[in-house]
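>>> what's the 3D shape of this:
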Amino acid sequence: MQHYYLLLLLMNFKQLEQYFITETAGLYEVEESKQLFYIIVEQLTGWSRSLLLMRKEEGVGNEYYSRFEVIIAAVKKGVPVQHIFSEAWFYGLKFKVNSSVLIPRPETEELVEWILNDRDPAGIRTRILDIGTGSGCIAIALQKFGHAVEADAMDISGEALAIARENALFNNTMVNFIQKDILQENHNPDSKKTYEYDVIVSNPPYITADERLEMHQNVLDHEPHLALFVTNENPLVFYKAIADFALQNLAEGGHLYFEINEYLGKEMVEMLAAKGFISIVLNKDMQGKDRMIRCSL
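Predicted structure coming up:
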C-alpha cells in the first residue's frame, strides 16, 4: 500500500490518466475511461477539460492522491462515477443522481437538442409532457432552454420523482411532477380528446432480456431495472401505451418524440404508422445508430 501511495505522489496527471485507463480496462473501453477520468479530475480539482490538458504535466501531489485512491477503488468495484459524486451533467446542467434514477446519457441530450431545434422561436406557447422522467433531465432541460415552455413530468417511481423535484429546484425550473403508471392509463379511443400537450416525449424502458446479458455489470448493479428492461415478447409495450396516450392528448400540430432501442427502429415506424401517426422521422445519434423518432397526428 505504501508503494501505491508513493506511486501516486510521484505521478503527474498525464501518468495518472494512463494508470486509470489501465486499472479500468476490464470495465470500460479506452475512450470511456478517458471521459470518466476527466469527470473525476474536474470533481477533485475544479479544472475544466481544457485546463487539465494544459496542466497534465503537473504532479498529482498529496492534495488529491488519497481521494483518488478511494475513487478508483470504487470505480473498480463497478460503482458509476456519477454515483460516487451523486451528480451528473446533462445539457450543461447539473443533476443529482442515485440508484433510483438512470444516469443521463449523451444520446438523450441529442433528443433534447432535436426538440428544441424543432420549436418555433417566435414565442408560440409550448406545453410538454415527459413520460418516465427519472431524474427529470429531459423536462428540466426543455423548460430551462425552451421558449415559454410549461412542463409536466410523469414517473411511476416516487423515489425518482423525489430526486427530480430536487433537480428542478436546483436548476431554477418550474416542472409539475406526476406520479402515475402510463401502462395503467385508460386508452379508450372513444374517450374525449384533451389536446393538452404540444410535445410529448419519452425515454422509456426498452432493453430486452436478451440484450441485458451484454450489459456492463456496473449498470445492472447500480441503475434501476424498472427504468431499463422490457420482455423479449413485448419490447414495445411502453411505446404502444405512450402512443395511445398521445392520440388522446397531443395537440394539433404537436409532436411525439421517443428515444428508442437501436434495433427496433423499423418496428417503431410500423407501429406508429399503424396507429395513425404521420410525418414519422427516424433519426440517428452521433454514433450512427437509430436512437430517436418523431411523429405527429
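>>> Chain neighbours aside, what residue packs nearest to the most centrally placed residue in the chain?
Of all residues in the chain, the one closest to the mean position by CA atoms, centre = their mean is P104, 2.5 Å from it. With CB to CB, 6 or more residues apart in numbering as the criterion, P104 has its nearest non-adjacent residue at 3.8 Å, and that residue is F90. Glycine gets a C-beta too; all of them are placed from N, C-alpha and C.
>>> Contacts only, for the one you found.
Neighbour list for F90: P104, T108, E109, S135, C137, A141 [criterion: CB atoms under 8 Å, 6 or more residues apart in numbering].
>>> In JSON lines, list these along with distance to R294, secondary structure and pLDDT.
Formatted as JSON lines, the contacts of F90 follow (distance: CB to CB, whole Å; DSSP: H, G, I helix; E, B strand; the rest coil; pLDDT from 0 to 100):
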{"residue": "P104", "distance to R294": "20", "secondary structure": "coil", "pLDDT": "90"}
{"residue": "T108", "distance to R294": "14", "secondary structure": "helix", "pLDDT": "93"}
{"residue": "E109", "distance to R294": "16", "secondary structure": "helix", "pLDDT": "94"}
{"residue": "S135", "distance to R294": "23", "secondary structure": "coil", "pLDDT": "95"}
{"residue": "C137", "distance to R294": "19", "secondary structure": "helix", "pLDDT": "96"}
{"residue": "A141", "distance to R294": "17", "secondary structure": "helix", "pLDDT": "95"}
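>>> Among the residues you listed, list the two that are farthest apart in space.
Greatest spacing in the contacts of F90, by CB to CB: E109 and S135 (12.9 Å).
>>> Of those two, which one has the most company?
S135 (28 against 19; other CB atoms under 10 Å).
>>> What does that one show for phi and psi?
The phi and psi values for S135, taken as degrees, to the nearest 10, are phi -70, psi -10.
>>> For G26, see how far away the closest residue to it other than its chain neighbours is.
Of all residues not flanking S135 in the chain, V101 sits nearest, at 4.2 Å (CB to CB, 6+ apart). As judged by CB to CB, to the nearest Å, V101 and G26 stand 26 Å apart.
>>> Name the residue in the two with the higher neighbour count.
The neighbour comparison of V101 against G26 (other CB under 10 Å) goes to V101, with 27 against 6.
>>> Surely that one touches G134?
Yes - V101 is in contact with G134 according to CB atoms under 8 Å; the separation is 4.4 Å.
>>> sorry, back to before: kindly state the pLDDT recorded for the residue nearest to S135?
V101 carries a pLDDT value of 91.
>>> Report the secondary structure state of it.
The three-state label given to V101 by DSSP: H, G, I helix; E, B strand; the rest coil is coil.
>>> now what about the helix or strand hosting L142, what contacts it?
Secondary structure from DSSP states H and E places L142 in helix 137-145. For helix 137-145, contacts defined as CB under 8 Å, 6+ apart pick out 90-91, 93, 95, 104, 108-109, 111-112, 115-116, 128, 130, 133, 149-153, 164, 167-168, 171-175, 199, 201, 203.
>>> The residue nearest to the centre of the chain is in contact with G92, isn't it?
No - assessed by CB under 8 Å, P104 is found out of contact with G92, at 11.5 Å.
>>> Can you spell out which helices and strands pack onto the longest strand along the chain?
Secondary structure of the chain read by DSSP state E shows that its longest strand is strand 250-259. The criterion is 3 or more CB pairs under 8 Å, 6 or more residues apart in numbering; DSSP states H and E, and the helices and strands that strand 250-259 contacts are helix 106-118, strand 197-202, helix 237-249, strand 290-296.
>>> Out of the ones you listed, which gets nearest to W47?
That would be, of the helices and strands packed on strand 250-259 and by CB to CB, helix 106-118, which comes in at 21.1 Å.
>>> which secondary structure elements does the following helix or strand past that closest one contact?
Per DSSP H and E, helix 106-118 leads on to strand 126-131 as the next helix or strand towards the C-terminus. Strand 126-131 sits against helix 137-145, strand 149-155, strand 197-202, helix 237-249, with contacts defined as 3+ CB pairs under 8 Å, 6+ apart.
>>> low-scoring stretches of this protein, by residue?
Along the chain, segments meeting pLDDT under 70 span 1-10, 120-125, 148, 186-195, 206-233.
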